[in-house]
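# sequence first, then the predicted structure, then my questions.
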Amino acid sequence: MHTFKEHLSAILATGVFIILSVVSLLLDNWLIFLVPAGALTIYLAIFQTKFIFLFLFFATPLSVNIEEYVNGFGLFLPTEPLFFGLMVLFLLYQIRSSILPKFVFRNEITWAILIYLTWMLISSITSSHPVVSIKFFVAKLWFIVPIIGFGTLLFREFKYIKLFLWLFCIGMILVILYTVTLHATYQFGEKESHWVMWPFFKDHTIYGAIVALIFPLLVGLYFSKKHGLLIQVALIGMIIINLIGLYFSYTRAAWLSIVAAIGVWFLIAFKIKFKYIAVTAITLTTVILFSWTQIQFLLAKNKEEHTTEDFGKRIESAANVTTDASNLERINRWSCALAMFEERPIFGFGPGTYAFEYARFQEPENLTIISTNFGDGGNAHSEYLGPMAEMGLPGLIVTLILIATIFYKSITLYNKWPSEDRETKILILAMVLSLVTYFVHGILNNYLDTDKACVPIFSMLAIFIVLENQLENKKRVAPNRTTLN
């Protein structure tokens, strides 16, 4: 229950908001509107933290990077300022009364995150661009700290786990509807597919990655329980829209990540033992190594380009490393990442510095028609080689440890969760497969420095931490010692 003072302050804040909004309209100066908007946001963050936190799940897919409008200043609105504010608020709460549940520090996922962040901080200090790296590190903190901190409080109530999934998926479905509608006006052309998701997404690759990420979540929501007719129709409609968006994203990595998720589902569903998976992986690796010359010959014969709307040819073009500019540029970026690692193998060049450093590592024979000598073409296009170039070999190791810990703990959680609690068990599996799509996609691209990927992924990690504690306590809902406002 809220106190009289809180209700009074809400009324006063609303009144001030309305008055200043009217003034801004009368004076035709939108900057004045920032004052009431900021004041209302601060009020909600302090007294209605839960509301702001839930709003961010919905707003993340719809956030816009103002770098598109203010040259040289990258900031996602409204998400990043709100997450920064929530980080500060959480740290103040933590200093005052230690609100973070103790079970958070008993979970291996938390420790894997802490190790990952610790090495990121160390490599930021030794960075070739310390200011860039420290900013990158702080930006990572303002996502992770409030998501893990407030998330492990919020998600102790199961309804908020479902609400997170619903809000993020609905926000993304709205983006897909916007993108597909705009794309249709260009007859779903391949060239237009690269930018029609603007301003919500920078290009079709990150858009495709998040479209793929929500597919298992939507399917999980549908099969998790027996819904009423309206909810069933809504979910079926969302799944269809998602598949349409996935197809017309023309993102090969996203398509392949769904196939990988289905493969992992098969392994989990049929309880294939790890030793069989390991033997199969070793056998395939051996065959590839001994047949590499023949494989290179076959790849060289593949001339299919990715600039086509044909689904089959686009999949085939994924193996074209002879003429496909996208594939060749990706190889160029990977080669640069390896060369950067060789120069600074321990600490790397520093988090967030790849784009500033890779240009000088480009070899003339690796340059493509889309290469740039100014080093302004983005990142390493890999969640694995990127950290290796920026944080050295330890950076790659801590990244792999984090990913391995995530899947080990989440799959173990799924296997141990009581079968009678079908809804939670299916949603756990859906989140595991959602993460599979992202980290498989991460072989070819990296987006964890954006809110679009960071928010859903670390939210799911917070959910796993909470659910494992509840499993250990053999309770459906953990004791609610502290909750969000």
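Everything's here; your move. Numbering: from 1, shown residues only.
# contacts made by the secondary structure element (helix or strand) that Phe341 belongs to with the rest, please.
Assigned by DSSP states H and E, Phe341 falls within helix 325-343. With Cβ atoms under 8 Å, 6 or more residues apart in numbering as the test, helix 325-343 has contacts from 306, 317-318, 320-321, 348-349, 354, 357-358, 361-363, 366-371, 377, 379-382, 385-386, 388-390, 392-393, 444. Bear in mind the C-beta positions are built from the backbone N, C-alpha and C, glycine included.
# so after that helix, what's the next helix or strand?
helix 354-357.
# just the buried positions in that next one, please.
Neighbour-count burial for helix 354-357, with 16 or more other Cβ atoms under 10 Å as criterion, is recorded at Tyr354, Glu357.
# now do the same end-to-end measure for stretch 122-139.
For stretch 122-139, the separation between the terminal residues is 16 Å (Cα to Cα, to the nearest Å).
# just the buried ones from the contacts of helix 325-343?
306, 317-318, 320, 348-349, 354, 357-358, 361-362, 366, 368, 371, 377, 379-382, 385-386, 388-390, 392, 444.
# so for Glu108, what's the pLDDT?
The model reports Glu108 with a pLDDT of 97.
# ok, now which ones touch it?
Glu108 touches Thr405, Lys409, counting by Cβ under 8 Å, 6+ apart.
# quick check: it vs Pro101, distance?
16 Å (Cβ to Cβ, to the nearest Å).
# again with Gly85
For Gly85, the distance to Pro101 - Cβ to Cβ - is 22 Å.
# before we move on, the earlier item: in helices only, show me the contacts of helix 325-343.
Ser317, Tyr354, Glu357, Leu385, Gly386, Met388, Ala389, Glu390, Gly392, Leu393 (DSSP state H).
# could you find the closest non-adjacent residue to the third one?
Spelled out, it's Glu357. Leaving aside its sequence neighbours, Glu357 sits nearest to Phe349 (Cβ to Cβ, 6 or more residues apart in numbering; 5.0 Å).
# correct me, but the one you found touches Glu390?
Yes - here Phe349 reaches Glu390: they are 5.7 Å apart, a contact under Cβ atoms under 8 Å.
# for the stretch 151-300 of the chain, which spans come out with low pLDDT?
Along the stretch 151-300 of the chain, the parts satisfying pLDDT under 70 run over 274, 278, 281, 285, 288-300.
# residues touching Lys140, list them.
Leu117, Met120, Pro351, Asp449, Cys454.
# and for Phe201?
Residues near Phe201 by Cβ under 8 Å, 6+ apart: Val175, Thr179, Tyr207, Ile210, Lys452.
# same thing but at 10 Å, please
Taking Cβ atoms under 10 Å, 6 or more residues apart in numbering, we find Phe201 in contact with 61, 63-65, 175, 179, 195, 207-211, 249, 447, 450, 452.
# which ones among those residues map onto helices?
Reading helices off the contacts of Phe201 with DSSP H, I get Val175, Thr179, Tyr207, Gly208, Ala209, Ile210, Val211, Lys452.
# the first one and Asn242, how far apart?
Spelled out, that is Val175. On the measure of Cβ to Cβ, Val175 and Asn242 end up 11 Å apart.
# ok, the spatially closest residue to Ile443 that is not a sequence neighbour to Glu390 distance?
Distances taken as Cβ to Cβ, 6+ apart place Ser382 nearest to Ile443, at 6.3 Å, with adjacent residues excluded. Per Cβ to Cβ, Ser382 is found 11 Å from Glu390.
# one more: Val145?
Taken as Cβ to Cβ, the span from Val145 to Glu390 is 21 Å.
# with adjacent residues omitted, what lies nearest to His194?
Per Cβ to Cβ, 6+ apart, closest to His194 is His204, 5.1 Å.
# and the one you found, how many neighbours?
By other Cβ atoms under 10 Å, 24 other residues sit near His204.
# walk me through the domains of the protein.
7-48, 97-274+300-485 (automatic domain parsing).
# mind listing what Trp142 touches?
Thr79, Glu80, Pro81, Leu82, Phe83, Phe84, Gly85, Leu86, Met87, Val88, Asp451, Cys454.
# in PyMOL, how would I select just the buried ones from the residues you listed?
Restricted to buried positions by 16+ other Cβ under 10 Å, the PyMOL selection for the contacts of Trp142 reads:
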select buried, resi 79+80+82+83+84+85+86+87+451+454
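# how about the contacts of Trp142 in a markdown table, adding pLDDT?
Converted to a markdown table, the contacts of Trp142 look like this (pLDDT from 0 to 100):
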| residue | pLDDT |
| --- | --- |
| Thr79 | 90 |
| Glu80 | 90 |
| Pro81 | 86 |
| Leu82 | 87 |
| Phe83 | 92 |
| Phe84 | 90 |
| Gly85 | 87 |
| Leu86 | 91 |
| Met87 | 93 |
| Val88 | 90 |
| Asp451 | 94 |
| Cys454 | 96 |
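# got CSV for the contacts of Trp142, with distance to Tyr222 and secondary structure too?
Converted to CSV, those look like this (distance: Cβ to Cβ, whole Å; DSSP: H, G, I helix; E, B strand; the rest coil):
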residue, distance to Tyr222, secondary structure
Thr79, 27, helix
Glu80, 32, helix
Pro81, 35, helix
Leu82, 30, helix
Phe83, 30, helix
Phe84, 35, helix
Gly85, 35, helix
Leu86, 31, helix
Met87, 34, helix
Val88, 38, helix
Asp451, 26, helix
Cys454, 26, helix
